[in-house]
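# model the following, please.
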Amino acid sequence: MDLNISGRTAVVTGADSGIGLATAKMLAAEGVNIVLNDKTEAELEKAAEEVRAQAKGNAQVLALTADLTRFEEVQQLAAQAKEKFGGADIVVNCAGIRGAAGDFLTLSDEDWFTTINTDLMGAVRVCRAFIPQMQAKGWGRIVLIASENALQPYEEESPYNACKAGIINLTKCLSKAYSPAGIMINCVSPAYVATPMTDAMMKELAEKRHTSEDEAITWFLKNKRENIVVDRRGSASEVAAVIAFLCSGQASYITGSNYRVDGGAVATAFG
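Now for the predicted structure:
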């Protein structure tokens, strides 16, 4: 399918690995100019080379570091995108952390603030910086990354749960404000996808259970994610495929929605 976005410009945060990198590759293959963002220059440049290898036609790839917990750096990212490409048409905010996890009563204010500052306020800052560019164009696509945890929270991840629920609410709020101007704003909720974040979780679990990481994955699926009827971890490209469609010209009547890419992980039919 031609997504009808060749020549557009996309900013992808959290793009040096996982869902962000997979999304950037998919959009570049559609002829989209890509601004890759993450915090570590060396890893980001390596990712940029992978994206350039997928780029179609005259699509260009620019790697820019910025820390989304600092609004001045997000503003600079937006300014650089405008200078190079005339501004963003598409923004996909994949940057995020699991944050502190454990018994609710053991988590400090700092634990909460650290997670909120990245997972929720990072998205707020990105939207605040790039929506004006889309308003000027009269066209835009924003995709934020929520999680199954927003709808089916796990007790040991309360800060992450709350932030991801906030992302779904933020998505709906922004769509009501800006979709009349042609900016379609949606979010995607993955579940147990093979990314560096879940790799770290499985490594920690394997060490705790004194097993291999493959055995930890099998145990986790059976005991912690029993609703995943596909019975495996998802891939970043499976999530990126949904994101890419939401960025497309065809997604012109879709806004304020949350799309679950979870293998059935959320047990309810609603939400």
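# could you point out the longest strand of this structure?
With DSSP state E setting the assignment, residue counts place strand 183-190 as the longest strand in the chain.
# can I get that one in CSV, CA atoms only?
C-alpha atoms of strand 183-190 as CSV (Å, rounded to 0.1, in the frame of the first residue of the first chain):
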residue,chain,number,x,y,z
ILE,A,183,-3.7,17.3,12.6
MET,A,184,-4.7,13.7,13.3
ILE,A,185,-3.5,12.6,16.8
ASN,A,186,-3.6,9.0,18.0
CYS,A,187,-1.7,6.7,20.3
VAL,A,188,-0.7,3.0,20.1
SER,A,189,-0.5,0.6,23.0
PRO,A,190,2.0,-2.2,22.6
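# would you mind pulling up the elements that it packs against?
helix 121-137, strand 140-145, helix 158-178, helix 236-246, strand 258-261 (3 or more Cβ pairs under 8 Å, 6 or more residues apart in numbering; DSSP states H and E). Yep, even glycine has a C-beta here, placed from its N, CA and C like the rest.
# what separation do you get for Ala150 and Lys222?
According to Cβ to Cβ, to the nearest Å, Ala150 and Lys222 sit 23 Å apart.
# among these two, which residue is more densely surrounded?
Between Ala150 and Lys222, Ala150 has the larger neighbour count (other Cβ atoms under 10 Å), namely 23 against 11.
# I figured that one was touching Leu170, is that so?
No - Ala150 is beyond contact range of Leu170, at 11.0 Å (criterion: Cβ atoms under 8 Å).
# if we ignore the residues flanking it in sequence, what's nearest Asn58?
Gly31 (7.5 Å; Cβ to Cβ, 6 or more residues apart in numbering).
# mind checking the SS state of the one you found?
coil (DSSP: H, G, I helix; E, B strand; the rest coil).
# list the contacts of the residue sitting nearest the centre point of the chain.
For the chain, the residue sitting closest to the mean C-alpha position, by Cα atoms, centre = their mean, is Cys94 at 2.4 Å. Applying Cβ atoms under 8 Å, 6 or more residues apart in numbering to Cys94 gives the contacts 12-15, 18-20, 23, 145.
# in stretch 138-146, what's buried?
For stretch 138-146, burial by neighbour count (16 or more other Cβ atoms under 10 Å) applies to 139-146.
# of these, which is the nearest to Ala47?
Among those, Ile145 lies closest to Ala47 (Cβ to Cβ), at 16.9 Å.
# tell me the bridge partners for the closest one.
When assigned by DSSP bridges, Ile145 has beta-bridge partners Val188.
# contacting residues around it?
So Ile145 contacts 14, 19, 92-94, 96, 167, 187-190 (Cβ under 8 Å, 6+ apart).
# C-terminal to the helix or strand hosting Glu49, what's the next element?
Here Glu49, judged by DSSP states H and E, is contained in helix 41-54. Counting by DSSP H and E, the element after helix 41-54 in chain order, helix or strand, is strand 61-65.
# buried set for that following strand?
Neighbour-count burial for strand 61-65, counted by 16+ other Cβ under 10 Å, picks out 61-65.
# repeat for stretch 172-191
172, 174-175, 178-179, 183-191.
# ditto for stretch 41-50
Quick answer for stretch 41-50 (16+ other Cβ under 10 Å): 43-44, 47-48, 50.
# just to check, Val51 is in contact with Leu36?
Yes - taking Cβ under 8 Å as the definition, Val51 is a contact partner of Leu36 at 6.4 Å.
# the more surrounded of the two?
Leu36 (27 against 24).
# direction included, what does the host helix or strand of that one pair against?
Secondary structure from DSSP H and E places Leu36 in strand 33-38. Strand pairing for strand 33-38, using DSSP bridges, gives strand 9-13 (parallel), strand 61-65 (parallel).
# immediately after the last one, which helix or strand?
Just to be clear, that refers to strand 61-65. Trace forward from strand 61-65 with DSSP H and E and the next one is helix 71-85.
# what is the next helix or strand after that following helix packed up against?
Once helix 71-85 ends, the next helix or strand along the chain (criterion: DSSP H and E) is strand 90-93. Judged by 3+ Cβ pairs under 8 Å, 6+ apart, the packing partners of strand 90-93 are strand 9-13, helix 18-28, helix 121-137, strand 140-145.
# right, I'll call it a day here.
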